[in-house]
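Undergrad: Provided below for reference: sequence and predicted model.
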Amino acid sequence: LPAREFAPHQTITQELIANIFTDVLGVSVGIYDNFFELGGHSLLATQIVSRLRQALGIEVPLQSLFKSPTVAELDRTLSELRQVEPMEGQKPDVSIPLLVPAPEQRHEPFPLTDIQQAYWLGRDSTFALGNIASHAYIEFDCFDLNPQRLNQAWQQLIDRHDMLRVVVLPNGQQQILEFVRNYEFKVLDLRQESPETVATQLEGIREQMSHQVLAADRWPLFDIRVSIIEEKRIRLHLSIDALIADAWSLNLLGQQWLHLYRNPDSLLPKIELSFRDYVLASSAFKNTPQYERSQKYWLNRLDTLPPAPDLPIIVNLASTQEAQFGRRSAQLSPEHWQQLKNKAVLTNLTPSSVLLATFVDVLTFWSKSPKFTLNLTLFNRLPLHPQVNDLVGDFTCLNLLEVDNSVAVPFNNRAQRLQQQLW
């Protein structure tokens, strides 16, 4: 993409927008710099819009940033929004519930979120394709790794993050345990074994851990193992249940784990609140005008949303006793991925929207109908406290996305329409 000359802000509002862009993107932003060209995506867009709502006290639709991705354009759009007289009884209220940390109640039971409850119930074989845990399994081949120091760094994370000490009680409440034993990695030394034995042992660990269902009412809801393959080569096996950590949390844990491994004596900033504080405070959001408007929107859409994709199946899902999920993956080279992102920016598409539209095309090919609804997982950390993004926990929410590929149009148009519907 061609470089653009930096243009400083000219008004107070432009300065406000530029500062928010700069804080979220981590780069200096001129008034004609495009949010998406600078690496912006939908997750960062929600942060931008949330901060604008709080700073300006007006309802800012998410699609405003999609349509006006520069500071100058967004300034004009916000000016128009401020001039629009809200309908009677529909005056925007962008207030959010107040989160007051309650450390003395930290270890009291508290409710599961909607998604946690779905994950918890889905572990039961009563449901079709049940008896499975929503969890992540990852392997890393590491060289010159010190397992003891890595274990010590993980123990620091257990002490720091409440949700690494959580269990789900039989009554469906969750509880952060005050005391847990020191966690020790399981170590398997394969240095003296034959290549065939090494391969068999590693495959056995992968088969077990990639499909394991950890008991939700017993700590821990993670499993970490180390296989010493050669003198300087170690395979790290990590399994962690989605009940305690979403994808954002896994990324956060990875960054801090590496930092503490490299800097064993360093101290991370203290976290003032717990996931329990957040869950209880966010439940108060149901009493706000924003929640009522959203609820009304979705209730009005119930009769118009098409069903899930009707895909061909080989067996009756209800009769499947032990289902296993398989992973299919492919990769683009860094050069091709960058080219794709550059083309996406030129058509005001985020990389996520391009991938989503591609996935939808595949589903359309196999589905009996080109009209269907997808269930999308979204990050949804409400800005109830400055440290919300520092918490480990499951903040996932679900969003229903209507798909209509009944009319043949070029891919760019399909992707843009899908992105518009999503936003």
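TA: Structure's in. What do you need?
Undergrad: flag every buried residue along the helix or strand harbouring Q255.
TA: Q255 belongs to helix 247-262 when assigned by DSSP states H and E. Buried residues in helix 247-262, defined by neighbour count with 16 or more other CB atoms under 10 Å: 248-250, 252-253, 256-257, 260-261. Backbone N, C-alpha and C define where each C-beta goes, glycine included.
Undergrad: got it, and stretch 20-40?
TA: Those would be 20-21, 24-25, 29-31, 33-38, 40, for stretch 20-40 by 16+ other CB under 10 Å.
Undergrad: give me the mean pLDDT for the helix holding Q255.
TA: Average pLDDT, helix 247-262: 95.
Undergrad: how far off centre is it?
TA: 15 Å (CA atoms, centre = their mean, to the nearest Å).
Undergrad: following element in sequence after it, please.
TA: helix 275-283.
Undergrad: what is that following helix packed up against?
TA: The contact analysis (3 or more CB pairs under 8 Å, 6 or more residues apart in numbering; DSSP states H and E) places helix 275-283 against strand 110-111.
Undergrad: same question for the strand it packs on, mean pLDDT?
TA: Here the average pLDDT along strand 110-111 is 97.
Undergrad: that one: how far from the chain's middle?
TA: 21 Å.
Undergrad: kindly indicate which of the buried residues of stretch 20-40 lies nearest V362.
TA: F36 (24.4 Å; CB to CB).
Undergrad: need the contact list for the closest one.
TA: 69, 344-345, 348, 350 (CB atoms under 8 Å, 6 or more residues apart in numbering).
Undergrad: thinking again about what came up before, which of the buried residues of helix 247-262 sit farthest apart?
TA: It's W248 and Y261 that sit farthest apart of the buried residues of helix 247-262, by CB to CB, at 20.6 Å.
Undergrad: just to revisit the earlier point, just the buried residues of stretch 20-40: which are in helices?
TA: 20-21, 24-25 (DSSP state H).
Undergrad: hang on, the earlier thing: alpha carbons only: can I get the helix holding Q255 in CSV?
TA: Taking Å, rounded to 0.1, in the frame of the first residue of the first chain, the C-alpha atoms of helix 247-262 are listed here in CSV:
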residue,chain,number,x,y,z
ALA,A,247,-8.9,-17.3,23.1
TRP,A,248,-7.9,-13.8,24.3
SER,A,249,-7.1,-15.3,27.7
LEU,A,250,-4.9,-18.0,26.1
ASN,A,251,-3.0,-15.4,24.3
LEU,A,252,-2.6,-13.4,27.5
LEU,A,253,-1.4,-16.5,29.4
GLY,A,254,1.1,-17.3,26.6
GLN,A,255,2.6,-13.8,26.7
GLN,A,256,2.9,-13.7,30.5
TRP,A,257,4.2,-17.3,30.7
LEU,A,258,7.0,-16.5,28.3
HIS,A,259,7.8,-13.3,30.2
LEU,A,260,8.0,-15.0,33.6
TYR,A,261,10.1,-17.8,32.1
ARG,A,262,12.6,-15.4,30.8
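Undergrad: so where's this structure uncertain?
TA: 1-4, 84-96 (pLDDT under 70).
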